[in-house]
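Participant: Here is my input, please return the structure:
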Amino acid sequence: MDTDLLKTFLEVSRTRHFGKAAENLYLTRSAVSFRIKQLEGILGVDLFERLRNNIQPTPAGERMLGHAEAVLNAWERAKQDIILNQQHRSQLTISAGHNIWDAYLQRYLQPLHLGLEGVALRTEVLSESVMTRQLIERSLDIAITFDPPKLDEIELVKLAQIRLFLVSKQKGLTLEQVSNQAYIKVDWGTAFNITHAQAFTMLPAPILHTSSARMALDFLHNNGGAAFLPEVLVESYIADNTLHYVENAAPITRNVYGAYWAENERLANVEQAIAILSAGNTKAV
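Facilitator: Numbers count the residues shown, from 1 in each chain. Below is the predicted model of the structure:
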């Protein structure tokens, strides 16, 4: 099967529009339509319901989404494995959940590069559901997440603990006074949301709800307000008095986990990477 057909299918699924998909893929609208018809002909089913200005996947189309992503991921990994140069004997794929990069993983990229001799790295930021699916499909070596999947044959290792502090541009702000401020709610996963709902009922409805800590930080700088952000991301701004800790607001902690298949054919490299990622995990990040 031509992988371009799958790429086109995924783009139409994402945009819900043949014209927008065509623009994003640098194709004509008729070319996009032809590719979708080709794929439907190969599979023998309709993948989309074509209504005026309303393109929706059929049940078959919904089921096809995961398979299309899996095939393309496997194909990309195969290409990279094949073209590894003489300095790289193997490739390790590491994916992280949203906000893991800024809160934890960024400082480990260089140690991984230097510590995994002969290993090429592939890193991605993915949703929890996609990481779980790729672990099951064996197209992902290590998933780094706040909420790890509980699956048979999956090894879980606690890598670090992250402290999330409520910070503001206003100095001397108390927790009670935050109710009069613009609040930016960052999605730090299930356990955070539970603690947030139980212990911080005084916080106002968020003016911005985001899965990106960087976006929240930029919004905070530009508009003021308050947000829960990781210590590693705000410590330099705290030091120069650009941001301040909200008084009497206890930090919320989140554990970071590494998940991998125990029978991975690259297990030696995986365990070496886990050792690098968990270095100093007795201290909060």
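
Participant: alpha carbons only for contacts and neighbour counts from here, please
Facilitator: OK.

Participant: Roughly how far does residue 11 sit from residue 29?
Facilitator: In this view, residue 11 and residue 29 are 12 Å apart by C-alpha to C-alpha, to the nearest Å.

Participant: Report the set of residues contacting both of these two.
Facilitator: Contact with both residue 11 and residue 29 is made by residues residue 21, according to C-alpha atoms under 8 Å, 6 or more residues apart in numbering.

Participant: Neighbour count for those two, which is higher?
Facilitator: Shown here are residue 11 and residue 29; by other C-alpha atoms under 10 Å, residue 11 has more neighbours (19 against 16).

Participant: Would you agree the more buried one falls within a helix?
Facilitator: Yes: assessed by DSSP: H, G, I helix; E, B strand; the rest coil, residue 11 belongs to a helix.

Participant: all strands of the stretch 101-250 of the chain, in order?
Facilitator: Per DSSP state E, counting those that start in this stretch, the stretch 101-250 of the chain carries strands over the ranges 119-125, 142-145, 154-168, 183-186, 208-210, 226-230, 244-245.

Participant: Using CSV, list the CA coordinates for stretch 238-256.
Facilitator: C-alpha atoms of stretch 238-256 as CSV (Å, rounded to 0.1, in the frame of the first residue of the first chain):
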residue,chain,number,x,y,z
ILE,A,238,11.9,33.5,40.8
ALA,A,239,15.6,34.3,41.2
ASP,A,240,15.3,37.6,39.2
ASN,A,241,12.0,38.5,40.8
THR,A,242,10.1,38.3,37.5
LEU,A,243,7.8,35.7,39.1
HIS,A,244,6.9,35.0,42.7
TYR,A,245,5.6,32.0,44.7
VAL,A,246,2.0,32.5,45.9
GLU,A,247,2.2,32.6,49.7
ASN,A,248,0.7,29.7,51.7
ALA,A,249,0.1,27.7,48.5
ALA,A,250,1.6,24.2,49.0
PRO,A,251,3.2,22.6,45.9
ILE,A,252,1.6,19.7,44.2
THR,A,253,3.9,16.8,43.4
ARG,A,254,3.8,14.5,40.4
ASN,A,255,5.7,11.3,39.8
VAL,A,256,7.3,10.7,36.4
